[in-house]
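> no sequence on hand, only this structure:
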């Protein structure tokens, strides 16, 4: 073990490396670790200098692993996964509760799961949820987690079908009654084009030059809830607020990009039965939300989202 300490500049360097290797993107690793992107770059450069080996090929987009980087990634993932399992076991012995780790977006956690967490606790009093939160695009490996929500093009997506992915233009009740004098505003996620959303609402006099842009989709939806404009409401995120009538359709139209939302759940190992039960609960709750919206807003055609494998 003394030899291992001499071979590394610090133990923290491995955590930084693991995040950067998993995302193959220093900015996303920095967001996950709650540090700046230059801090991640410096830590990785220091690790490479200490090892005398290049681990990443820097460039656009992202950063690709070298052969040495792939070797270290495999070893680190295996070690971290084993440590994580033991820590889970220790925690379970201390609390008497089963830990289930979810890999989901921050927006899904904030706007869909948190409002019903008391319902989850009533259904699963002996389960503690842990989270691997993803701020950006919901991708990446599912190593070390029990349940992951992922999106993919039909029919390539693995896992259990939840819904066809879709968004509806949404806003706070009353935001368009009457419309703002200088026209409604669009609230968009930075890095994503808003032309398609604007095209759904032709004739509204949208303030295309005064759009609100945020780097986190959780904030996009929060701004819509506060009456700041119209946002693309992805249905698995906003379904709770639509059923609570805190968000309403700005127009009775939806866009289906041709992807499916699916749940990948661990089927073996300790407490696999509990993991499967939690997975089933998540799917059931999401689909129940959609069925309620289909009844509330029949013109949207939301019931079609529950039909798997239908393409776009």
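Noted; the coordinates are in hand. Keep in mind it's a predicted model, so treat the numbers as computed, not measured.

> from now on I want contacts and neighbour counts done on CA atoms only, so please keep to that.
OK.

> in the stretch 51-200 of the chain, which spans are strands?
Assigned by DSSP state E, counting those that start in this stretch, the stretch 51-200 of the chain shows strands spanning 56-58, 63-65, 98-105, 127-134, 147-153, 160-164, 167-171, 186-189.

> next: the stretch 201-312 of the chain.
Secondary structure of the stretch 201-312 of the chain (DSSP E, counting those that start in this stretch): strands at 212-214, 230-234, 248-249, 259-265.

> want to throw those into CSV with distance to residue 89?
Formatted as CSV, the strands of the stretch 201-312 of the chain follow (distance: least, C-alpha to C-alpha, whole Å):
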stretch, distance to residue 89
strand 212-214, 39
strand 230-234, 36
strand 248-249, 44
strand 259-265, 19
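
> deepest in the core, which of these is it.
Stretch with highest mean neighbour count among these: strand 230-234 (a mean of 27; mean count of other C-alpha atoms under 10 Å).

> what pairs with that one, parallel or antiparallel?
According to DSSP bridges, strand 230-234 has the following sheet partners: strand 167-171 (antiparallel), strand 186-189 (parallel).

> so which of the strands of the stretch 201-312 of the chain is nearest residue 77?
Using C-alpha to C-alpha as the measure, strand 259-265 is the one of the strands of the stretch 201-312 of the chain that comes nearest residue 77, at 18.8 Å.

> average pLDDT for that closest one, rounded please.
Computed over strand 259-265, the mean pLDDT rounds to 91.

> do stretch 212-225 as well
Mean per-residue pLDDT for stretch 212-225: 92.

> just how off-centre is that stretch within its chain?
Mean-position distance between stretch 212-225 and its chain equals 14 Å (C-alpha atoms, centre = their mean, to the nearest Å).

> give me the residues contacting that stretch.
Residues outside stretch 212-225 that contact it (C-alpha atoms under 8 Å, 6 or more residues apart in numbering): 106-108, 110-111, 135-136, 170-172, 185-191, 229-231, 233, 238, 246-247.

> and if you look at stretch 271-282?
The contact list for stretch 271-282 (C-alpha under 8 Å, 6+ apart) reads 98, 100, 146-147, 263, 265-267.

> and the buried ones among these, selectable in PyMOL?
In PyMOL, a selection of the buried entries from those looks like this (16 or more other C-alpha atoms under 10 Å):
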select buried, resi 98+100+146+147+263+265+266
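
> could I get the pLDDT score of the nearest residue to residue 148 once chain neighbours are set aside?
Counting by C-alpha to C-alpha, 6 or more residues apart in numbering, residue 103 is the residue found nearest to residue 148 once chain neighbours are left out, at 4.5 Å. Residue 103 carries a pLDDT score of 89 in this model.

> wait, what's in contact with residue 103?
Counting by C-alpha under 8 Å, 6+ apart, residue 103 touches 131-134, 142, 145-149.

> at 6 Å what do you get?
Going by C-alpha atoms under 6 Å, 6 or more residues apart in numbering, residue 103 touches 131-133, 148.

> possible to save the residues you listed as CSV with distance to residue 48, pLDDT and neighbour count?
Shown next, in CSV, are those (distance: C-alpha to C-alpha, whole Å; pLDDT from 0 to 100; neighbours: other C-alpha atoms under 10 Å):
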residue, distance to residue 48, pLDDT, neighbour count
131, 30, 88, 17
132, 27, 82, 17
133, 28, 79, 16
148, 32, 92, 25
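
> residue 294 contacts residue 300, doesn't it?
No. The pair residue 294 / residue 300 is not scored as a contact, 7.2 Å apart, by C-alpha atoms under 6 Å.

> OK, contacts around residue 229?
Residues in contact with residue 229, defined by C-alpha under 6 Å, 6+ apart, are 185-187.

> do residue 9 as well
With C-alpha under 6 Å, 6+ apart, residue 9 has no contacts at all.

> ok, now how distant is it from residue 102?
According to C-alpha to C-alpha, to the nearest Å, residue 9 stands 31 Å off from residue 102.

> helices along the stretch 151-300 of the chain, start to end?
All helices of the stretch 151-300 of the chain, identified by DSSP state H, counting those that start in this stretch, fall at 195-199, 217-225, 235-243, 272-296.
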